[in-house]
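Student: any chance you could fold what I've pasted below:
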Amino acid sequence: MRFSGFSAQDFKVFDIPSFQGRMAAIREEIRPKLEALGSMLRPEIERLTGGEAFAHVARHARRTVNPPDDTWVAFGPDKRGYKKHSHFKVAISRQCARFLYEAGPEYQDKSKWLTAWKKKAGDLAPTLKKVKGLAWFKNEHDEEPAALLVDLTPQEIKELGDELTRTRDGQFVLGRLVSESEATKWGGDEYTTAALATFKTLAPLYRLR
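Tutor: Numbers count the residues shown, from 1 in each chain. A predicted model of the protein is given here:
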């Protein structure tokens, strides 16, 4: 299957109220597209990051009652999973598609990454501020960003890294979104172009160790 984009119906899947109904629609309608998108992006992400990458499509295995508000394909350096590493993600939810870099709650090297970020943020922040639409998301599942980076000072951007270790569930998420109304007009090429442009900008964060 070649990824050709998401339809209006794909976004409406997240209006299905029942757990079983929404999960079935995600499995049947969205997951195959995410798998195809993952196959398309994986070799390009390896070129961007200079290392091996694996695509992981969300299974939502921990959920049994509440249906997910979004679903995604994530890219990380470990074949067994992505959550213990910083990673890239393409996510779809009711209102938008998002292209994200995440260091999440289960990231195993939070302190080490934060130390590296503190050293490099002064050099990276001015470039990040120049990228149109690039934003900070307080939570990986949020459809609306907490702040656009263009509106923050380099010091404020640097301090966002502290969110990763502020609490046990701390996370650091940067990326950009495209609204559902715009995303439904896109084909596969537009998605891959937008994803890779975003990931290229954020690749220095992915490589921080």
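
Student: hey, let's count contacts and neighbours off CA atoms from now on
Tutor: Noted.

Student: thought Thr71 was touching Lys89?
Tutor: No - using C-alpha atoms under 8 Å, Thr71 is not in contact with Lys89; the gap is 9.9 Å.

Student: more neighbours, these two?
Tutor: Using other C-alpha atoms under 10 Å, the more surrounded residue of Thr71 and Lys89 is Lys89, with 25 against 22.

Student: in contact with the more buried one, which residues?
Tutor: Taking C-alpha atoms under 8 Å, 6 or more residues apart in numbering as the criterion, Lys89 is in contact with 72-75, 98-102.

Student: which pair in these spans the largest distance?
Tutor: Using C-alpha to C-alpha, the two most remote members of the contacts of Lys89 are Phe75 and Arg98, lying 13.8 Å apart.

Student: possible to save the contacts of Lys89 as JSON lines with neighbour count?
Tutor: Output for the contacts of Lys89, formatted as JSON lines (neighbours: other C-alpha atoms under 10 Å):
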{"residue": "Trp72", "neighbour count": "21"}
{"residue": "Val73", "neighbour count": "22"}
{"residue": "Ala74", "neighbour count": "27"}
{"residue": "Phe75", "neighbour count": "27"}
{"residue": "Arg98", "neighbour count": "25"}
{"residue": "Phe99", "neighbour count": "25"}
{"residue": "Leu100", "neighbour count": "25"}
{"residue": "Tyr101", "neighbour count": "28"}
{"residue": "Glu102", "neighbour count": "26"}
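
Student: can you show me the helices along this structure?
Tutor: Using DSSP state H, the helices of the chain run over 8-12, 19-25, 31-49, 110-129, 154-160, 163-166, 180-183, 188-206.
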